[in-house]
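>>> A structural model of the following input is requested.
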Amino acid sequence: MEITQSKNSKTITYDEPGKFENTRFEKIHNVIFSSAKEGSVKVAKEIRDLILDKQSKGEMCVLGLATGSSPIKVYEELIRIHKEESVSFQNVITFNLDEYYPMEPENIHSYHYFMHEHLFNHIDILPKNINIPKGNITVDELHDYCISYEDQIDAVGGLDFQLLGIGRTGHIGFNEPGSHVNSETRSILLDHITRVDAANSFLGIDNVPKKAITMGIGTVKKAKRIVLLGWGDKKASIIKETIEGAISSEVPASYLQLHSNTTFVLDKEAASELTRIKTPWLVGSCKWTPELKSKAVIWLCQLTGKSILKLIDKDYNDNGMAGLLVDEGSSYNLNIKMFNKVQQTITGWPGGKPNADDTFRPERSTPDKKRVLIFSPHPDDDVISMGGTFDRLVSQGHEVHVAYQTSGNIAVADHEAIKFAEVALAMNGSSDDKLMSRVIEQLKTKNENSIDSIEVRKLKGLIRRGESIAATRYLKVPDENVHFLDLPFYETGGIKKSPLSDEDIDIMCNLIETIKPHQIYAAGDLADPHGTHRVCLNILLESLKILKSKPFMEDCWLWLYKGAWHEWDIHEIDMTVPMSPDQVLRKRKAIFFHQSQKDGIMFQGNDLREFWMRAEDRNTKTAQKYNELGLADYAAMEAFVRWYY
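Residues are numbered from 1 along each chain as shown. Okay, here's the model as predicted:
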């Protein structure tokens, strides 16, 4: 079915809001796309159609706009539409949701700066039609200013379309938990989780403002049309709570259940916790694919607290899975099949076991000695995410190469760089070292709106290179097998990166074609806090498309690992590599070589533990989950998914 913006506007291809999927669980209309880009293009086209419809009537189009990472691809598509389809934005009036307070508009962390950088500087919108809350007004002016912002929206007839993101607290705009359903534009104290999530952009939580100005829930709800964007698995739990939970001030986005023309536009990862996606057998009849069978049986084990071989018919029947037993004949047959499937993912030979029957092993036995290429987005992801497997591959005689895709320079704190620069200056025995003296001066006088100079970035990159070489030498990898790619997309000096380019892809293609690997390992994160993991994976996949016809690619398998923040679900895993306590310790020591990333690192996400702690906890929990399913009891396990390109 289709819906329209208004009685006379053009149609868009969403199901009608208010008429949901066949599930009693969902209370907000939502559509799921395969990727954030696909969903963003669809939303941008809806905005385009609304603008054109308004133009045809001689009317202004009033848009409510959001900031943050969620709408960036929508804005990129709107810019493309303006430039390639000649769509004018001169009849558009915009009102942004929020702004940090206090905040100068020219500050690179301001939403004023963000909107001009990502949209307004690239389209023909009239400056007088741009409205963004002012973060630089005085405290005495604040109350009256918020009232006037509401009046400006009312004066142009209200918002025709409101674009939203969602925070992990369930906030929309900066309407934090506790916000009232009828709240209007106001100042607000930011939740700690919101500030943690913003810490990456501000290079540390201490730099994140504690207050903001935001449109209220009541203001947002007056919009004629609302679209909320949700990307990545770190948004999955709050998306589920918002769509399926009760309306509550503790989850401000849940108030959107009261709006009759709201659509949540999600990617697969953000939608992954919805009942119809995660446990569709609780919603209705299922087509029991092999993947869904694995997912259901493991879920049932976790629900009942039983191992696979202890499940009985009643467990299946009581939890909406009777149809699965009809397909399989009995719980006994199904349990044995699923137990064997999970058990066969475990191997102590990640490069394949020589002279062994590999029928049920995750990797091939031939060739005995493989060429292995490990891609690491940052200069520590290799040892953090797969340090035990890395160690095993080297010790079992494979030719292991490591490629660090980015320099990781922005993750080196200024005080760390000053320390190294001062050592270099002292080593030269003279204060006449103009380069190091200049670098030290730049670091000590740096202000919050500046990005590092090329010289400082080079120093920070060299710090991370040195740490990486130290770790790979510890794992006995020859220096000539360590490759630093410094992909250009990353080298902007700031949090915002350039789009991936042909140059990035060429660098990757050249390395792969030179090594001709039998195995590639790469980070498979789709919701990395930095965003770098996702871009690095996209560059790899594009490179493999180009190289696919090469003869050596017929023997090349791609294995994906997760980064420091997440792990694969058990039903997704194709290979697990168990680690002994000694190997866990070796992995820890390899991580320790990345000294600049210890002790209060800059990009921690919402987990304040050091990387080695997170890695060990994750690997231990994976082993525990396998043991709870009835498998052998290991100290720790690293997990991988095979990707078919």
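>>> Hmm, Ile93 is touching Pro127, no?
No: assessed by CB atoms under 8 Å, Ile93 is found out of contact with Pro127, at 11.5 Å. Using the backbone N, CA and C atoms, a C-beta is placed for each residue, glycine as well.
>>> More neighbours: which of those two?
Taking other CB atoms under 10 Å, Ile93 and Pro127 do not tie; Ile93 has more neighbours (21 against 7).
>>> show me what contacts the more buried one?
Met60, Cys61, Val62, Leu63, Asn129, Asn131, Val156 (CB atoms under 8 Å, 6 or more residues apart in numbering).
>>> Which parts of the stretch 451-600 of the chain are strands?
482-484, 519-523, 557-561, 575-579 (DSSP state E, counting those that start in this stretch).
>>> Need the nearest residue in space to Glu451, chain neighbours excluded.
One thing to correct before we go on: residue 451 is Ile, not Glu. Gly493 (3.9 Å; CB to CB, 6 or more residues apart in numbering).
>>> burial measure for the one you found, as a count.
Count around Gly493 with other CB under 10 Å applied: 16.
>>> Now do the contacts for it.
Ile410, Ile451, Asp452, Ser453, Ile454, Arg457.
>>> Can I have the buried ones of the contacts of Ile93 as a PyMOL selection?
Selecting only the buried entries of the contacts of Ile93 in PyMOL, with 16 or more other CB atoms under 10 Å as the criterion:
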select buried, resi 60+61+62+63+129+131
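>>> tell me which residues in the lengthiest strand in the chain are buried?
With secondary structure taken from DSSP state E, the chain has its longest strand at strand 636-643. Under the neighbour-count criterion of 16+ other CB under 10 Å, strand 636-643 has Ala636, Met637, Glu638, Ala639, Phe640, Val641, Trp643 buried.
>>> which of the contacts of Ile93 lies closest to Ile336?
Set against Ile336, the nearest of the contacts of Ile93 by CB to CB is Leu63 (57.7 Å).
>>> from memory that closest one sits against Val156, does it?
No: with contacts counted by CB under 8 Å, Leu63 stays clear of Val156, the gap being 10.7 Å.
>>> follow-up on the earlier one: any idea which of the contacts of Gly493 is closest to Leu164?
Ile410 (28.5 Å).
>>> Roughly how far does that closest one sit from Ile205?
16 Å (CB to CB, to the nearest Å).
>>> Of the two, which one has the most company?
Ile410 (25 against 16).
>>> first to last residue in stretch 49-67, what's the distance?
Across stretch 49-67, the terminal residues are separated by 22 Å (CA to CA, to the nearest Å).
>>> Check which residues of that stretch are buried.
49-55, 60-67.
>>> Looking at those, which are in helices?
Secondary structure defined by DSSP state H assigns Asp49, Leu50, Ile51, Leu52, Asp53, Lys54, Gln55 of the buried residues of stretch 49-67 to helices.
>>> Could I get the contacting residues of the last one?
Listed by CB under 8 Å, 6+ apart, the contact partners of Gln55 are Cys61, Ser88, Asn91.
>>> CSV please, covering these and showing distance to Val181 and pLDDT.
Listed next are these as CSV, based on distance: CB to CB, whole Å; pLDDT from 0 to 100:
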residue, distance to Val181, pLDDT
Cys61, 27, 98
Ser88, 37, 98
Asn91, 32, 98
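>>> just curious, which of these is nearest to Met508?
Ser88 (39.0 Å).
>>> Touching, the closest one and Ile81? I think so.
No: using CB under 8 Å, Ser88 is not in contact with Ile81, being 10.4 Å away.
>>> in the stretch 101-250 of the chain, which ranges drop under the pLDDT threshold?
203 (pLDDT under 70).
>>> how about the helices in it?
Under the criterion DSSP state H, counting those that start in this stretch, helices of the stretch 101-250 of the chain are mapped to 111-118, 139-155, 192-198, 217-221, 236-244.
>>> Please apply the same query to the stretch 501-645 of the chain.
Along the stretch 501-645 of the chain, the stretches classed as helices by DSSP H, counting those that start in this stretch are 502-515, 532-547, 581-592, 611-628.
>>> any chance of the ones you listed in JSON lines, with mean neighbour count, mean pLDDT and distance to Val383 too?
Formatted as JSON lines, the helices of the stretch 501-645 of the chain follow (neighbours: other CB atoms under 10 Å; pLDDT from 0 to 100; distance: least, CB to CB, whole Å):
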{"stretch": "helix 502-515", "mean neighbour count": "17", "mean pLDDT": "98", "distance to Val383": "20"}
{"stretch": "helix 532-547", "mean neighbour count": "20", "mean pLDDT": "95", "distance to Val383": "15"}
{"stretch": "helix 581-592", "mean neighbour count": "18", "mean pLDDT": "96", "distance to Val383": "4"}
{"stretch": "helix 611-628", "mean neighbour count": "19", "mean pLDDT": "94", "distance to Val383": "8"}
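>>> Out of the ones you listed, flag the one nearest Pro102.
Here helix 532-547 is closest among the helices of the stretch 501-645 of the chain (CB to CB), at 30.3 Å.
>>> Show me what that closest one is packed up against.
Judged by 3 or more CB pairs under 8 Å, 6 or more residues apart in numbering; DSSP states H and E, the packing partners of helix 532-547 are helix 502-515, strand 519-523.
>>> Make JSON lines from those and add distance to Lys444 to it.
As requested, the helices and strands packed on helix 532-547 are exported to JSON lines (distance: least, CB to CB, whole Å):
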{"stretch": "helix 502-515", "distance to Lys444": "33"}
{"stretch": "strand 519-523", "distance to Lys444": "35"}
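>>> does Trp557 have beta-bridge partners, and which?
Beta-bridge partners recorded for Trp557 (DSSP bridges): Gln519.
>>> tell me the contacts of it?
Glu363, Arg364, His518, Gln519, Ile520, Arg642.
>>> And the third one, what's its pLDDT?
Residue-level confidence at His518 comes out at 98, pLDDT.
>>> How many residues are close by it?
22.
>>> ditto for the second one
A total of 15 residues lie near Arg364 under the criterion other CB under 10 Å.
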